[in-house]
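> next one to model:
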Amino acid sequence: MDEASKASTMRQMDECGAVAVIRVGSPDSLLRVSQALQAGGLNCVEIAMTTPGALRAIEEVAERLRDVHIGAGTVLDGVTARQAILAGAEFLVSPTVERDVIEMAHRYGKVMICGAMTPTEILNAWEAGAEFVKVFPAEVLGPQYLKAIGGPLPQIRLVPTGGVTAENAGDFVRAGAAMVCAGSWLLDGKAIAQGRYAAITRRARQLIEAVRTARSEVG
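I've put the predicted structure just below:
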């Protein structure tokens, strides 16, 4: 276990306030996308394990982009969790409460973001040891749901995921989000296919600015 490294990852995630969720059909553009996000100030990147060649992509980003904190998403079991960690993942993200994934993250001193929806699931994820709880689908539940959950469970660091944009990220932060996860809005598939990575950088800047502005308003 490397608690110092884990603490460093936690600090960077806290400071950044956002995680980019990369879910593409090919690993070829993953490095370029990660570079574009980093240029926009977003240095926490989650590569979904549903991406072909995801482990190789995690290795490449971890090796070549030292200032980017790379994570593995859609991790459903302990075996996949260990493979992702050995490839270089600094944090793991599961869509549901998977205790063997949480245990593997703890065994290797990595940050765990566990997916949940209901109050019971959210509490179970936190009690199992998740540092953050991903509230999904955020676009359906909305900021008011996050605020309502935070009332009786203020100790849990909630991360809205699904449908997050620069326009609504601030609303989620003001409702109590520890940080936000953005995917499809941030990573325009058409822009990636056309090699227009500057568009991704621009959206990353917009997202980071929205989070910072909202944080300054809530103190």
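
> please compute how far the longest helix along the chain lies from its chain's middle.
If you go by DSSP state H, the chain has its longest helix at helix 197-218. Averaged C-alpha coordinates place helix 197-218 at 15 Å from its chain's average position (C-alpha atoms, centre = their mean, to the nearest Å).

> quick one: least confident helix or strand in the protein?
Lowest mean confidence among the helices and strands of the chain (mean pLDDT, DSSP states H and E): helix 189-193, at a mean of 86.

> got the buried residues for that one?
Ala191, Ile192 (16 or more other C-beta atoms under 10 Å). Any C-beta I mention is one placed from the backbone N, CA and C, and that applies to glycine too.

> show me what it is packed against.
Applying 3 or more C-beta pairs under 8 Å, 6 or more residues apart in numbering; DSSP states H and E, one finds that helix 189-193 contacts helix 197-218.

> show the average pLDDT along the helix it packs on.
The average pLDDT for helix 197-218 rounds to 97.

> what does that helix contact?
With contact meaning C-beta atoms under 8 Å, 6 or more residues apart in numbering, helix 197-218 is reached by 16-18, 20, 32-33, 35-37, 39-42, 164-167, 169-171, 173-174, 179-180, 182, 185-188, 191-192.

> can you give me the buried ones in it?
Buried, per 16+ other C-beta under 10 Å, within helix 197-218: 197, 199-208, 210-212, 214.

> same deal with stretch 121-140?
121-126, 128, 130-136, 138.

> ok, the residue of the chain most remote from its centre to Ser29 distance?
Within the chain, the residue lying farthest from the chain centre (C-alpha atoms, centre = their mean) is Gln194, at 25.0 Å. Separation of Gln194 from Ser29 (C-beta to C-beta, to the nearest Å): 11 Å.

> other SSEs contacting the strand or helix carrying Glu139?
In this assignment (DSSP states H and E), Glu139 forms part of helix 138-150. Applying 3+ C-beta pairs under 8 Å, 6+ apart, one finds that helix 138-150 contacts strand 132-135, strand 158-160, helix 166-174.

> so what touches it?
If you take C-beta under 8 Å, 6+ apart as the criterion, helix 138-150 is touched by 117, 119, 122, 135, 156, 158, 160-164, 168, 171-172, 174-177.

> redo that, cut-off 7 Å
Residues outside helix 138-150 that contact it (C-beta atoms under 7 Å, 6 or more residues apart in numbering): 119, 122, 135, 158, 160-164, 171-172, 175-177.
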